[in-house]
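Novice: next come a sequence and a model predicted from it.
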Amino acid sequence: MRPIPEPKTFEEALKYIDEHLELGKISAGAAKGILYSLVEVLGSAVGDPQLPEHLKSSYEAILELAQEVQVKNEW
């Protein structure tokens with residue numbers, strides 16, 4: 001199994017999607033699919049009992065941001 005990317009990678013991806021969605025450079029359907037995948041991966045990471053606590057809190061914060069983007073776009 002491949003290791004999960006660093007929290008910063010997820011944060012950068014989330015910002016990219018949010019910005020491009022607002023600018024109309026990415027379709028809502030594509031953004032929705034990518035965000036769904038991000039939320040699934042982050043949820044799995046947060047639920048991993050072997051994940052160190054400092055990483056868990058970082059992934060939880062990014063998961064909340066991803067969910068906020070979903071809510072903002074009414075998905």
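Specialist: Received it, and whenever you're ready, just let me know what you need.
Novice: what's in contact with stretch 8-15?
Specialist: The contact list for stretch 8-15, computed with CB atoms under 8 Å, 6 or more residues apart in numbering, reads 34-35, 38, 41-42, 59, 62, 65-66, 69. In this view, the C-beta of every residue, glycine as well, is placed from N, C-alpha and C.
Novice: OK, contacts around the residue nearest the centre of the chain?
Specialist: The residue lying closest to the centre of the chain (CA atoms, centre = their mean) is residue 38, at 4.0 Å. When contacts are counted by CB under 8 Å, 6+ apart, residue 38 is found next to 10, 13-14, 66.
Novice: now the helix or strand residue 9 falls within: average pLDDT?
Specialist: Taking DSSP states H and E as the definition, residue 9 sits inside helix 7-22. Mean pLDDT, helix 7-22: 93.
Novice: picking that back up, out of the contacts of stretch 8-15, who has the most neighbours?
Specialist: In terms of neighbours by other CB atoms under 10 Å, these top out with residue 66 at 26 neighbours.
Novice: do you know how far that residue is from residue 20?
Specialist: Relative to residue 20, residue 66 is positioned 15 Å away (CB to CB, to the nearest Å).
Novice: same check, this time on residue 33
Specialist: As judged by CB to CB, residue 33 and residue 20 stand 14 Å apart.
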